[in-house]
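> Below is the sequence, then the predicted model.
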Amino acid sequence: RFPILGPPMPPILFSLLARPTHSTRDGAAIRNYHLLRALSERFRVRAFALRAPHLSASDAEYPSDVEVEEFPQSGRSARRALAAAASLIAGDAYSPRLYRSRRLAARLREAAGAERPVWIVAHTYHVAPLALGLGRRAWVDFHNLDSEIWRRTAETAGSAPVRWFARVQEGRVLSVEGTAARA
């Protein structure tokens, strides 16, 4: 007697998202939705997504064959103010601080230890430190060069404090982008 075997299980890939995907909501959400759909054709995909409180359940849509865990974030205003202050005090980049989540980091470590993903995809450099810190093969998907966006903001913002903050962030973000690309 031989056991009946089904098709082999595809390798598992973890996807880290700074916010939920959606097939029609906005550019990044649409892009990530279709990227997950394409990845799920070759991998078993587990998505770990942060969800800001201003996003409702209808603001999130994932491909049907993607396993999803969402992690709520605190309110935008408080999170932004804390991330900005911490960035200025610590001398590091604002954006990765804005998307930090202890709960997500702990859950990701636990899941990576149990399932050993073949890839961890960070959708933007904002969540790249989570992917890069696990000792697995990681891919950081740079949707934009945010250092360039910060540079443009420093040149064009209507308020002097915003221009100053953007000038400070440009170099810091460039450093984070470089570190993530090299890793």
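It's in. None of the values given here were measured: they were computed from a predicted structure.
> List the residues that contact the nearest residue to L145 once chain neighbours are set aside.
Of all residues not flanking L145 in the chain, E177 sits nearest, at 6.6 Å (CB to CB, 6 or more residues apart in numbering). Every C-beta, even on glycine, is put in place using the N, C-alpha and C of the backbone. Residues in contact with E177 (CB atoms under 8 Å, 6 or more residues apart in numbering) are 125, 142, 145-147.
> same question, R109
L134.
> Are we agreed that it is in a strand?
No: counting by DSSP: H, G, I helix; E, B strand; the rest coil, R109 is not found in a strand; it is helix.
> how many other residues sit next to the spatially closest residue to A157 that is not a sequence neighbour?
Leaving aside its sequence neighbours, A157 sits nearest to R163 (CB to CB, 6+ apart; 4.6 Å). Here the count is done by other CB atoms under 10 Å, and R163 has 15 residues near it.
> So R163 lies in a strand, does it not?
No: counting by three-state DSSP, one finds R163 to be helix, located in no strand.
> Tell me where the protein has helices.
For the chain, the helices defined by DSSP state H cover 27-39, 76-90, 94-98, 102-115, 128-132, 146-156, 160-182.
> Could you say which one of the ones you listed comes nearest to V68?
Comparison of the helices of the chain against V68 by CB to CB identifies helix 27-39 as nearest, at 9.2 Å.
> and that closest one, what does it pack onto?
Applying 3 or more CB pairs under 8 Å, 6 or more residues apart in numbering; DSSP states H and E, one finds that helix 27-39 contacts strand 12-17, strand 44-51, strand 119-123.
> which one of these lies closest to L98?
strand 44-51 (9.7 Å).
> so what strands line up beside the closest one?
According to DSSP bridges, strand 44-51 forms sheet pairs with strand 12-17 (parallel), strand 67-72 (parallel).
> which of the ones you listed is buried the deepest?
strand 12-17 (a mean of 25; mean count of other CB atoms under 10 Å).
> that older thread, how about the helices and strands packed on helix 27-39 in TSV, adding distance to E61?
Output for these, formatted as TSV (distance: least, CB to CB, whole Å):
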stretch	distance to E61
strand 12-17	12
strand 44-51	11
strand 119-123	15
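> could those go into CSV alongside mean pLDDT and distance to R136?
Conversion of those to CSV gives the following (pLDDT from 0 to 100; distance: least, CB to CB, whole Å):
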stretch, mean pLDDT, distance to R136
strand 12-17, 95, 8
strand 44-51, 95, 13
strand 119-123, 94, 5
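> Can you tell me how far T124 is from Q73?
15 Å (CB to CB, to the nearest Å).
> Same check on H126?
H126 is 12 Å from Q73, by CB to CB.
> now S58
18 Å.
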